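no sequence for this one, just the structure:
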């Protein structure tokens with residue numbers, strides 16, 4: 001079996017034994033590389049997306065997710081469908097969710113292997129390419145992180161759609177072949193829809209398909225010659241294949257890029273000026289060169305100051321990024337003119353799929369390792385094709401031995417680096433500490449480390465990190481996280497005076513954050529600042545008028561301030577809800593006790609029923625209050641009867 005066997009021949013010559021050995025080796029190495037993450041905890045966005053979210057709670061919630069009845073799951077809905085399936089299998093055990101990520105990644109690895117074969121890469125070179133894709137250290141940010149589901153799942157559908165497209169790149173002459181082509185076309189459209197529904201980066205599939213057709217399709221890739229039809233002719237022959245994908249990509253781009261932009265910085269520039277903005281975009285690409293070829297300084301944060309605004313376009317980072325992009329563009333032209341379709345297409349794949357995450361439209365997360373999940377395939381295709389081409393014509397026996405030695409050394413290094421990187425995702429603290437080892441000025445990592453230490457009640461160590469964040473001029477999400485974390489920690493310790501300042505600053509920056517307003521209202525109440533607490537409660541009612549809990553708080557604070565009429569207006573909204581809690585019913589009973597004893601008796605009956613259904617540690621005190629109110633209302637009722 002030679003290194004340069006083509007896909008159509010490779011499987012006919014290679015024995016099942018060799019195929020099984022290769023599959024087993026790739027599977028084992030991939031599982032070993034990511035196995036340290038399987039025993040990890042929830043971290044980062046996992047809490048928002050899964051633990052604290054009520055939108056993906058089992059298979060029964062999937063129809064509501066798909067039709068948009070659950071607003072919190074409307075953003076990247078296919079991802080939440082997968083979380084709903086996980087919940088039905090694992091509940092809230094993070095092991096199951098992490099295992100699902102790994103299984104999906106293994107599926108993507110299989111599709112990458114099949115794609116390389118379909119595009120003319122020999123069996124063993126396809127195995128090497130699959131290994132690089134599956135075990136590259138940057139993949140840990142997608143595979144080892146539960147919230148990385150967006151990328152592994154998007155990538156799986158992306159690769160499936162393109163793999164199906166490789167079966168229908170030419171004209172169909174018979175009814176049988178036309179029927180088969182339409183079946184593959186449906187799979188292309190389904191994969192595209194699911195990919196874009198998982199993550200917006202899936203829009204890159206449309207230009208990838210166009211590029212595939214422009215270079216002549218699979219026949220040109222395998223035959224190493226120009227296609228017989230012109231580009232326009234090929235588009236007309238396959239219009240039904242790419243038009244649905246193009247329409248889907250256009251709709252997602254308009255919706256997420258214009259009508260409802262994902263970026264919170266869409267109307268601004270990095271650094272405030274166009275020149276600074278271009279410098280940051282080029283610096284982002286320079287950082288990706290480091291992550292791809294020297295994946296040592298891997299981190300969970302690439303926001304400023306990790307990637308900062310360069311002083312000039314001629315500074316090292318932006319100039320390096322410019323050279324990298326220029327070199328890739330020149331190589332695409334060079335390979336295309338030589339009719340080396342695989343190499344040209346592979347580099348084009350990388351450039352096209354990186355475009356949505358180059359942040360020409362600014363984004364609060366300028367760079368991330370998980371952005372490379374799909375683009376990496378393009379570089380793998382170009383690299384394995386070049387290597388196959390070289391060793392098929394020039395490499396001697398000694399050269400092959402040297403290749404094997406180098407390959408084993410690189411593979412071992414890659415697996416070990418990925419294992420170490422996967423360990424970083426075992427918990428919030430280990431993830432933050434890994435970032436700080438390489439980027440000690442990362443405000444986000446300091447914030448995460450501080451919050452993780454607060455959860456462990458290591459206040460002295462946490463303060464060092466959180467004070468670093470609060471002492472910087474950077475006003476990103478890290479500062480908000482630090483303020484909120486400190487406030488909630490002090491509340492947990494019942495140190496309400498210390499909680500006040502950080503919560504006030506947080507609310508001044510995020511005045512509609514309901515969780516922070518609830519915390520601030522509690523602090524003001526405990527400190528006896530009833531007027532300010534009442535204003536916070538009214539604000540909560542405005543943000544969520546249907547909440548009987550906020551109606552109860554507004555009523556209680558109004559009552560304590562002596563405004564009985566206002567208290568009654570709010571409590572009516574609370575007790576009209578059938579699920580009103582016992583505290584609301586007891587307050588209503590108190591407010592109407594003397595003036596309207598019949599109404600109070602009604603609330604009293606409901607309070608008795610509620611207490612009987614859900615007793616808790618406060619039941620004796622509440623029972624005593626109910627008995628006193630019953631006696632008082634009975635006397636009031638006797639007075640009313642004559």
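Looks like it came in fine. Nothing here was measured: the structure is a model prediction, and the numbers come from that model.

ranges for the strands of the stretch 251-400 of the chain?
Secondary structure of the stretch 251-400 of the chain by DSSP state E, counting those that start in this stretch: no strands are present.

and the helices in it, which stretches?
Secondary structure of the stretch 251-400 of the chain (DSSP state H, counting those that start in this stretch): helices located at 274-293, 316-337, 341-354, 375-393, 397-423.

which of these sits most buried?
Highest mean neighbour count of these: helix 341-354, a mean of 24 (counted as mean count of other C-beta atoms under 10 Å). Placement of C-beta: from N, CA and C, glycine included.

what's the model's confidence in that helix, averaged?
For helix 341-354, the mean per-residue pLDDT is 94.

that one to helix 274-293, inter-axis angle?
With axes from the mean of the first three to the mean of the last three C-alpha atoms, to 10 degrees as the basis, helix 341-354 and helix 274-293 are set at 130 degrees to each other.

how far off helix 375-393 does helix 341-354 point, in degrees?
Going by the same axes, to 10 degrees, helix 341-354 makes 170 degrees with helix 375-393.

what are the contacting residues of helix 341-354?
Here helix 341-354 makes contact (C-beta atoms under 8 Å, 6 or more residues apart in numbering) with 119-121, 201, 204, 207-208, 211-212, 215-216, 220-221, 224, 285, 288, 325, 328-329, 331-332, 335-336, 371, 374-383, 385-386.

pipe the helices of the stretch 251-400 of the chain into TSV and attach distance to residue 76 per row.
Below are those laid out as TSV (distance: least, C-beta to C-beta, whole Å):
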stretch	distance to residue 76
helix 274-293	22
helix 316-337	28
helix 341-354	17
helix 375-393	19
helix 397-423	24
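
these: which one's closest to residue 197?
helix 341-354 (17.1 Å; C-beta to C-beta).

OK, contacts around residue 522?
491, 496.

before we move on, what about the one 4 residues further on?
Residues counted as contacts of residue 526 (C-beta under 8 Å, 6+ apart) are 494, 496.

do the one 3 residues further on as well
Taking C-beta under 8 Å, 6+ apart as the contact definition, residue 529 lies against nothing.

could you do residue 385 as well?
Contacts of residue 385 by C-beta under 8 Å, 6+ apart are 119-121, 125, 340, 342-343, 346.

try residue 527
By C-beta under 8 Å, 6+ apart, the neighbours of residue 527 are 496-497, 500.

ramachandran angles for residue 373?
Torsion angles at residue 373 (phi, psi; degrees, to the nearest 10) stand at phi -60, psi -50.

quick one: low-confidence residue ranges for the stretch 401-550 of the chain.
Within the stretch 401-550 of the chain, the segments meeting pLDDT under 70 span 474-475.

how about the strands in the stretch 101-250 of the chain?
Counting by DSSP E, counting those that start in this stretch, the stretch 101-250 of the chain contains no strands.

now the helices: where do they sit in it?
Under DSSP H, counting those that start in this stretch, the stretch 101-250 of the chain gives helices at 123-135, 140-143, 149-165, 175-198, 205-214, 217-223, 231-237, 239-254.

CSV for those, including mean pLDDT, mean neighbour count and distance to residue 355?
Shown next, in CSV, are the helices of the stretch 101-250 of the chain (pLDDT from 0 to 100; neighbours: other C-beta atoms under 10 Å; distance: least, C-beta to C-beta, whole Å):
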stretch, mean pLDDT, mean neighbour count, distance to residue 355
helix 123-135, 94, 24, 20
helix 140-143, 96, 27, 19
helix 149-165, 96, 26, 14
helix 175-198, 84, 18, 15
helix 205-214, 88, 22, 8
helix 217-223, 77, 20, 22
helix 231-237, 68, 14, 21
helix 239-254, 80, 17, 11
